[in-house]
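*Asks:* Need coordinates for the following:
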Amino acid sequence: MIGRLWYPQLDAYDAVRRMAGLLAIWDTSAPPSPERLYIADFYLANPPLLHMTHMSRAERLAFNGLGVTRPEKAFVSFPTPPVLFQKMAEVQREAFRTLSGKGLIDLSALEGGLVRPSAAGGEIFSDKFLPLLSAFERDLTAFLAGSFCAGADGIGGLRRSTGLRRAGQ
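*Replies:* Take a look at the predicted model:
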């Protein structure tokens, strides 16, 4: 039997699932920008890499409570976060285009630079996609969307704490 490793970071279908789960939990009164959503999705796909970020003391305590494996103890070895983030770029864009093309993203909010589920999208995200997340993924999603990536210090602060930035953004 020949085995093959599956990398969720490079699977557009899994990126759709992750982004829909994030948007189901994200506070709709303070929706993310596309870049903020991509960063949150990156860490949902690669939780061990969160150990390499800068966090406030309260965020670090909440994160440590999740019990995420350190990168050096994970089954898979990870490249540097910026390299993997760039490698995931096209997969994330394809997933985002899929969500937008299906009418699940509010296009008027997107024109203003924010990602908010459409009326149909919000219902589908919470009813169909949220149950697809494991209990660990739900806890991690709540952490990412609720505090780590939803910080009030803007996208610049998130870029500084993670070291992630896409070319052209």
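*Asks:* Which residue ranges of the protein form strands?
*Replies:* Using DSSP state E, no strands are found in the chain.
*Asks:* Please name the residues that touch the spatially most central residue of it.
*Replies:* With the centre of the chain defined as its mean C-alpha position, the nearest residue by C-alpha atoms, centre = their mean is Asp41, 1.6 Å away. Residues in contact with Asp41 (C-beta atoms under 8 Å, 6 or more residues apart in numbering) are Ala15, Arg18, Met19, Leu22, Gln92. Where you see a C-beta, it was placed from the backbone N, CA and C, and this is true even at glycine.
*Asks:* Kindly supply the PyMOL command isolating those of those that are buried.
*Replies:* Applying 16 or more other C-beta atoms under 10 Å to the contacts of Asp41, the buried members can be selected in PyMOL as follows:
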select buried, resi 15+18+19+22+92
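*Asks:* among the contacts of Asp41, which are in helices?
*Replies:* The members of the contacts of Asp41 that map onto helices under DSSP state H are Ala15, Arg18, Met19, Leu22, Gln92.
*Asks:* what's the closest non-adjacent residue to Cys149?
*Replies:* Spatially, and ignoring its direct neighbours in sequence, Cys149 is nearest to Ala40 (4.1 Å; C-beta to C-beta, 6 or more residues apart in numbering).
*Asks:* residues near that neighbour, how many?
*Replies:* 26 (other C-beta atoms under 10 Å).
*Asks:* Make sure it is actually in contact with Ser147.
*Replies:* No. With contact defined as C-beta atoms under 8 Å, Ala40 does not count as touching Ser147 (11.0 Å).
*Asks:* buried sites along stretch 102-120?
*Replies:* For stretch 102-120, using 16+ other C-beta under 10 Å, the buried residues are Leu104, Ile105, Asp106, Leu110, Leu114, Val115, Arg116, Pro117, Ser118.
*Asks:* Poorly predicted segments of this protein, please.
*Replies:* Within the chain, the ranges that satisfy pLDDT under 70 run 1-6, 152, 167-169.
*Asks:* now the closest residue to Phe129 other than its chain neighbours: how far from Phe143?
*Replies:* Among residues not flanking Phe129 along the chain, Ala20 sits closest, at 3.6 Å (C-beta to C-beta, 6+ apart). To Phe143, Ala20 is 17 Å away according to C-beta to C-beta, to the nearest Å.
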